[in-house]
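Enquirer: Need a 3D model of the sequence below.
(2 chains)
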Amino acid sequence: MLEEGSVLNEKRLVRGLQNREEAAFNVLVVNYQGQIYNVCYRMLSNSAEAEDIAQDVFIKAFQAIDSFRGESALGTWLYRIAVNLCKNRLKYLGRRHYRTSQVIEDVPEGAFAPESVGRATGEAMGRPDEILEGNRAESRIQRALAQIDEAFRELLVLRDIQGLSYAEVVEITGLAEGTVKSRLHRARAALQRAYEAQEDQR
Amino acid sequence: MNETFDTGEHAQRSARLTELLDAGHTPTAAEIEALLAADPEARQALEDARRARDLLADLGQKAPPPDFLRKVQRRLGRRTGGRFFHPLATPVGFRMSVEVFSVVAIVVIAACWFFLEAARPRAPGPLIEEPTLPAAPSSAAPFSDEKPQ
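Expert: This next block holds a predicted model:
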């Protein structure tokens, strides 16, 4: 639930975007780049593709800002654009026989990146070997995510990774709430099976 | 995605289990037990769902590269020729691309010039005697189709 102040700020931001103010565009990107990039990365499992699509999200949003009527939150609208662009990219890549599960960047031996470590996979840890293990765990989860159906992945990313409410997920996907919940149940089970299959292969 | 899985009793049960799981119930709660009694295979699926949800909750936010904003600005500039941020975009109350604005400005200037020129009083020019035409011959023209009398 947004506070009144943030709604006002959002209205001002939208007005600035509609007036084609460069400062408003910069605020839009700075405010939402983390969420949008994360959604794109989790959907596509590739940082270069994710960056490309995330950039496109902001450009498309800026070009289509006049069609934003304020019926949903700006963030929800951006998520919808992001999810649609990711699906289109996945279709395009699918036609070119691209498999997301094959291109997830493996964490190289000795490499560690504290800024990208997950909340429980390494944030509280300080030692490089622990951070590296955290990164590897995250990589395994991402690989499992890439192996499941795209429609399942979309719901897991929005609900379980981004932590959106059911109302927001319904708005973004256009699915009925009951459908979202039943698919989510099957999506989680599918992810767990994919994750366990990887663990068995280790 | 098979749409038939999204309808029917099984889907309703899945949706209800998701609601209960997300509401913070443990899989031993009485309401879940009642639901699972109708579908024994669902117990494993529920446990899988709970584990997967916890796995994903642990996943961190992947941060964009630090120069992300600059890259987006550059791409926007390339795509639009920079006209989206043009200062001429708003003072007239509506947006107009620079190309349209230029054409309108040229038409307006040309129209103003034309009307100013048309309205300007002309200075009297030097008197020129109009040349007199030679008198026409009295008889019929040599190539006339009149019949001779």
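Enquirer: mind listing what the residue lying closest to residue A:44 once chain neighbours are set aside touches?
Expert: Counting by CB to CB, 6 or more residues apart in numbering or on different chains, residue A:44 lies nearest to residue A:50, which is 5.2 Å off, once chain neighbours are set aside. C-beta coordinates here come from the backbone N, C-alpha and C atoms, glycine included. If a contact means CB atoms under 8 Å, 6 or more residues apart in numbering or on different chains, then residue A:50 has A:37, A:40-41, A:43-44, B:62 as its contacts.
Enquirer: mind running it again at 6 Å?
Expert: Counting by CB atoms under 6 Å, 6 or more residues apart in numbering or on different chains, residue A:50 makes contact with A:40-41, A:44.
Enquirer: ok, of those residues, which one's closest to chain B?
Expert: Closest approach between the contacts of residue A:50 and chain B, by CB to the nearest CB: residue A:41, at 4.4 Å.
Enquirer: could you list every residue that touches that closest one?
Expert: Counted by CB under 6 Å, 6+ apart, residue A:41 has contacts A:50, B:62.
Enquirer: For it, pull up the helix or strand it's in.
Expert: For residue A:41, the element it lies in under DSSP states H and E is helix A:22-44.
Enquirer: quick one on the thing from earlier: how about a markdown table for the contacts of residue A:50, with pLDDT added?
Expert: Output for the contacts of residue A:50, formatted as a markdown table (pLDDT from 0 to 100):
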| residue | pLDDT |
| --- | --- |
| A:40 | 96 |
| A:41 | 95 |
| A:44 | 94 |
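Enquirer: quick revisit: tell me how far the helix holding residue A:41 lies from the chain's centre.
Expert: Centre-to-centre, helix A:22-44 and its host chain are 10 Å apart (CA atoms, centre = their mean, to the nearest Å).
Enquirer: ok, and for it, which residues are buried?
Expert: A:24-25, A:27-29, A:31-33, A:35-44 (16 or more other CB atoms under 10 Å in any protein chain shown).
Enquirer: Tell me, domain by domain, which residues of chain B belong where.
Expert: Domain assignment of chain B by automatic domain parsing yields the ranges B:8-57, B:68-119.
Enquirer: want to throw those into CSV with distance to residue A:194 and mean pLDDT?
Expert: Converted to CSV, the domains of chain B look like this (distance: least, CB to CB, whole Å; pLDDT from 0 to 100):
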stretch, distance to residue A:194, mean pLDDT
domain B:8-57, 9, 74
domain B:68-119, 30, 79
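Enquirer: can you tell which of those domains is closest to residue A:55?
Expert: domain B:68-119 (4.9 Å; CB to CB).
Enquirer: before we move on, back to that, tell me which of the domains of chain B sits nearest to residue A:59.
Expert: Comparing the domains of chain B under CB to CB, the one sitting nearest is domain B:68-119, at 5.3 Å.
Enquirer: so where do the helices sit in chain A?
Expert: Taking DSSP state H as the test, the helices found in chain A are A:4-18, A:22-44, A:47-63, A:74-95, A:100-103, A:128-147, A:150-155, A:166-173, A:177-201.
Enquirer: any residue of the longest helix anywhere in chain B up close to chain A?
Expert: In chain B, taking DSSP H as the definition, the longest helix is helix B:98-119. No - with CB under 6 Å from any CB of the partner chain as the criterion, chain A is not reached by helix B:98-119; the gap is at least 11.8 Å.
Enquirer: For that helix, buried residues please.
Expert: Buried residues in helix B:98-119 (16+ other CB under 10 Å): residue B:101.
Enquirer: likewise stretch B:63-77?
Expert: In stretch B:63-77, counting by 16+ other CB under 10 Å, buried: B:64, B:68-69, B:71-73, B:76.
Enquirer: same question, stretch A:134-148
Expert: For stretch A:134-148, by 16+ other CB under 10 Å, it's A:134-135, A:137-148.
Enquirer: so what's the one residue sitting closest to the centre of chain A closest to, chain neighbours aside?
Expert: Ranked by distance to the mean C-alpha position of chain A (CA atoms, centre = their mean), the top residue is residue A:39 at 0.8 Å. Distances taken as CB to CB, 6+ apart place residue A:82 nearest to residue A:39, at 5.0 Å, with adjacent residues excluded.
Enquirer: on that earlier part again, the helices of chain A: lowest mean pLDDT?
Expert: Note on the helices of chain A: helix A:100-103 shows the lowest mean pLDDT, a mean of 51.
Enquirer: Tell me where chain B has helices.
Expert: B:8-22, B:30-37, B:42-57, B:68-80, B:98-119.
Enquirer: Save those helices as TSV, and put in distance to residue A:63 too.
Expert: TSV is the format used below for those (distance: least, CB to CB, whole Å):
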stretch	distance to residue A:63
helix B:8-22	36
helix B:30-37	47
helix B:42-57	33
helix B:68-80	8
helix B:98-119	16
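Enquirer: closest one to residue A:62 among these?
Expert: Using CB to CB, the helices of chain B put helix B:68-80 closest to residue A:62, at 6.7 Å.
Enquirer: which bits of chain B sit near chain A?
Expert: B:1, B:6, B:11, B:14-15, B:17-18, B:45, B:48-49, B:51-53, B:55-56, B:58-64, B:68-69, B:72, B:75-76, B:84-85, B:89-90.
Enquirer: List the buried residues for stretch B:10-24?
Expert: In stretch B:10-24, counting by 16+ other CB under 10 Å, buried: B:10-11, B:13-21.
Enquirer: Mind picking the one among the residues you listed that's closest to residue A:61?
Expert: residue B:18 (30.4 Å).
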